[in-house]
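Colleague: using only what follows, build the 3D model:
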Amino acid sequence: MYIDSAIIVKLLVKEELSDFFQDALENIELTTSELSLVEVASALLSKVRTKSISENQRLAAREVFHKKIDAEQILILPLDSPVYSKARSLIEFCHPEVSLRTLDAIHMAACDISQDLPLCATDSRIRAAATKLRIPLFPETMPI
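Modeller: Have a look, this model is predicted:
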């Protein structure tokens, strides 16, 4: 299953739907792209700035993330020219119905090329684009 950075953050720190995803994704092989290394670091720092988590919680979350990578609980896919080319085509294909953002398109391209499906995401634009592209989603419908 391909997970985007927002899902990774939900697995690392307490957020809305964290419990759902922690339970649902336990013991499942997870994949993401190298982009998540940067996005997760940025998201955790943002949470410190907004006082959602402490600096110690950020460091602990970062350590857990890297331990999951080292243990191959989360596999990291490299970013390369085919991914960027695919991302450009996905943005164009989704236009104008879905305004797919650059980094989301990169995640979707990495997912599509790897075929490590379904795509696990909560973002409404990613989910709309995945539906348009017929990429299976997890969860199929968002929990309330």
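
Colleague: and the strands in the protein?
Modeller: When secondary structure is read from DSSP state E, the chain shows strands at 2-3, 30-33, 74-77, 119-120, 137-138.

Colleague: got those as CSV, with distance to residue 14 and mean neighbour count columns?
Modeller: For glycine as for every other residue, the C-beta is placed from the backbone atoms N, C-alpha and C. Shown next, in CSV, are the strands of the chain (distance: least, C-beta to C-beta, whole Å; neighbours: other C-beta atoms under 10 Å):
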stretch, distance to residue 14, mean neighbour count
strand 2-3, 17, 25
strand 30-33, 19, 22
strand 74-77, 19, 17
strand 119-120, 18, 25
strand 137-138, 21, 17
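
Colleague: same list (those strands) but as TSV, adding distance to residue 42.
Modeller: Conversion of the strands of the chain to TSV gives the following (distance: least, C-beta to C-beta, whole Å):
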stretch	distance to residue 42
strand 2-3	16
strand 30-33	14
strand 74-77	16
strand 119-120	20
strand 137-138	24
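
Colleague: could I get these in CSV, plus columns for mean pLDDT and distance to residue 110?
Modeller: Written out in CSV, the entries for these read as follows (pLDDT from 0 to 100; distance: least, C-beta to C-beta, whole Å):
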stretch, mean pLDDT, distance to residue 110
strand 2-3, 98, 7
strand 30-33, 98, 4
strand 74-77, 98, 5
strand 119-120, 98, 10
strand 137-138, 98, 16
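
Colleague: okay then, goodbye and thanks.
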